[in-house]
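Visitor: Below: sequence and its predicted model.
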Amino acid sequence: MCRRQKSRRVDARSKRKQSIARADAASTPNTDVPSEAGRASYRPNSYKDLVEDAIRATCTALERGYNRVEVDYPSLPNAADSYSGASDDYVDANVQQAIAAGRWLRETKGWRSHIVVPDNEELNRSYNMFKSALELEDGISMGSLTGKVQGFGAAAWEELSFLFGAVGRIDEMVLQKAEEASKEADVFFFINASTIELPEVESYVDRIVGDRPALLWNMELDTLRSDLGLFGFPSKDVHYRFLSQFLPAFYIRQRDYSKSVSVAPFLINYSGALFREFPGPWQVMLRQDGGLLACVAEDKERLTLFDFKEELLKAMGLDTEEKGSTLEFLRRGYKTATWWEEDIKQESSSNWRS
């Protein structure tokens, strides 16, 4: 069942022409503040501008009363997605950007931010790497989902892990400061968690965060959702019960496609991005030769990746198969949505689609 409001859609080709014309007239398209109308085009002047756009959209969502917010954009510059780089680069970039976001919130809103990493091993590494920044910044702290180890068995396991080199020892004072900071924080950033750790994120939010804002920052939830329900991974209920609560405030998912045609050049490559900057609509952006993302369609609710690809095809004039034909079926396939895009009735919230 599709919940898209098609009345809000725009004609792809006319929207593309308007987008390109407006982009040519604007020297700095990325400096606009988030608006209800969205963007005709998007090309940040720098990676710093992109991060600041994400922070502004997040603040808008928080100010409008949403306390569960998702932010998703490529963590590494010049990468189509975060996992295309080295894992350590991805982890470190997310920590650095969370600190930058926390600094922006402190300077503009006076809010105190607590950055939460998956475990004490990662806390030890990230804290030592960014120690000077964390100690110099007032109102920014770092902790882990694990926190202070409780119980004799858990403490003994951690000690053995340290002795055999599995983890580094973390200062008890760091854990104590993290526990105290979590009580005073105004907003929580959750970063670098894996699918296996999603239930721990949920537990932390329930036990410690409560009604305060929780941000899932660059965790690539669509990638994590795809593992839910598989053997050895948490059940799909984690999405239905927990992840569905999170409103995407800033979202860029880039994709590259190609289509075979019967005339030269026989293979046409095209790419674009599913884009959302709250409070604007979900937008299908087609990538131009110069790297500019031009809006070709939009919708009030989140588009499936299949619908996103279809809109790009229309904008390129490549939807040439006769409607209902065998060729169209072979191109589209039988399955046109993922389980989390289809299973609406089981969700506790529709925020993630909003």
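Guide: Yep, it's here.

Visitor: all strands of the stretch 1-150 of the chain, in order?
Guide: 41-42, 68-72, 113-117, 140-144 (DSSP state E, counting those that start in this stretch).

Visitor: so which of those gets nearest G210?
Guide: strand 68-72 (11.7 Å; Cβ to Cβ). In this view, the C-beta of every residue, glycine as well, is placed from N, C-alpha and C.

Visitor: For the stretch 151-300 of the chain, just list every one of the strands.
Guide: Using DSSP E, counting those that start in this stretch, strands in the stretch 151-300 of the chain cover 187-190, 214-217, 247-260, 267-277, 282-287, 293-299.

Visitor: just so I know, which of the ones you listed lies nearest K335?
Guide: Nearest to K335, of the strands of the stretch 151-300 of the chain and by Cβ to Cβ, is strand 247-260 at 17.1 Å.

Visitor: Throw the strands of the stretch 1-150 of the chain into CSV and include distance to I191, mean neighbour count and mean pLDDT, thanks.
Guide: As requested, these are exported to CSV (distance: least, Cβ to Cβ, whole Å; neighbours: other Cβ atoms under 10 Å; pLDDT from 0 to 100):
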stretch, distance to I191, mean neighbour count, mean pLDDT
strand 41-42, 24, 23, 95
strand 68-72, 10, 24, 97
strand 113-117, 6, 28, 97
strand 140-144, 10, 25, 94
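
Visitor: among the ones you listed, which is nearest V263?
Guide: strand 41-42 (29.9 Å).

Visitor: which one in the chain is furthest away from the centre?
Guide: V263 (38.7 Å; Cα atoms, centre = their mean).

Visitor: and the gap between that one and D53?
Guide: 40 Å (Cβ to Cβ, to the nearest Å).

Visitor: cool, Q283 as well?
Guide: Counting by Cβ to Cβ, the gap from Q283 to D53 is 14 Å.

Visitor: again with D319
Guide: Going from D319 to D53 by Cβ to Cβ gives 31 Å.

Visitor: Who has more neighbours out of those two?
Guide: The residue with more neighbours, out of D319 and D53, is D53; 22 against 16, by other Cβ atoms under 10 Å.

Visitor: any weak-confidence spans in the protein?
Guide: Counting by pLDDT under 70, the chain contains low-confidence residues at 1-33, 78-86, 148-170, 321-322, 324-325, 327-334.

Visitor: Name the nearest residue to the residue most central in space within it, sequence neighbours excluded.
Guide: A centroid search over the chain (Cα atoms, centre = their mean) returns D72, at 1.7 Å, as the residue closest to the centre. Leaving aside its chain neighbours, D72 sits nearest to Y251 (5.0 Å; criterion: Cβ to Cβ, 6 or more residues apart in numbering).

Visitor: Could you tell me which residues make contact with that neighbour?
Guide: 70-73, 274-277 (Cβ atoms under 8 Å, 6 or more residues apart in numbering).

Visitor: give me the number of residues near R302?
Guide: 20.

Visitor: Hmm, S354 and it touching each other?
Guide: Yes: using Cβ atoms under 8 Å, R302 makes contact with S354 at a distance of 7.4 Å.

Visitor: overlap in contacts of those two?
Guide: P248.

Visitor: So the residue farthest from the centre of the chain versus G317, what's the distance?
Guide: In terms of Cβ to Cβ, V263 sits 13 Å off from G317.

Visitor: what's the closest of the strands of the stretch 1-150 of the chain to N218?
Guide: strand 68-72 (6.1 Å).

Visitor: Off-centre distance for that closest one?
Guide: 6 Å (Cα atoms, centre = their mean, to the nearest Å).

Visitor: And that strand, what does it pack against?
Guide: With contacts defined as 3 or more Cβ pairs under 8 Å, 6 or more residues apart in numbering; DSSP states H and E, the packing partners of strand 68-72 are helix 47-63, strand 214-217, helix 221-225, strand 247-260.

Visitor: Columns distance to Q97 on top of these, output as JSON lines?
Guide: Below are these laid out as JSON lines (distance: least, Cβ to Cβ, whole Å):
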{"stretch": "helix 47-63", "distance to Q97": "6"}
{"stretch": "strand 214-217", "distance to Q97": "7"}
{"stretch": "helix 221-225", "distance to Q97": "17"}
{"stretch": "strand 247-260", "distance to Q97": "12"}
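
Visitor: still on that earlier bit, pipe the strands of the stretch 151-300 of the chain into CSV and attach distance to A57 per row.
Guide: Output for the strands of the stretch 151-300 of the chain, formatted as CSV (distance: least, Cβ to Cβ, whole Å):
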stretch, distance to A57
strand 187-190, 14
strand 214-217, 11
strand 247-260, 4
strand 267-277, 5
strand 282-287, 13
strand 293-299, 16
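
Visitor: that older thread, of the helices and strands packed on strand 68-72, flag the one that's most buried.
Guide: Comparing these by mean neighbour count (mean count of other Cβ atoms under 10 Å), strand 214-217 comes out on top with a mean of 25.
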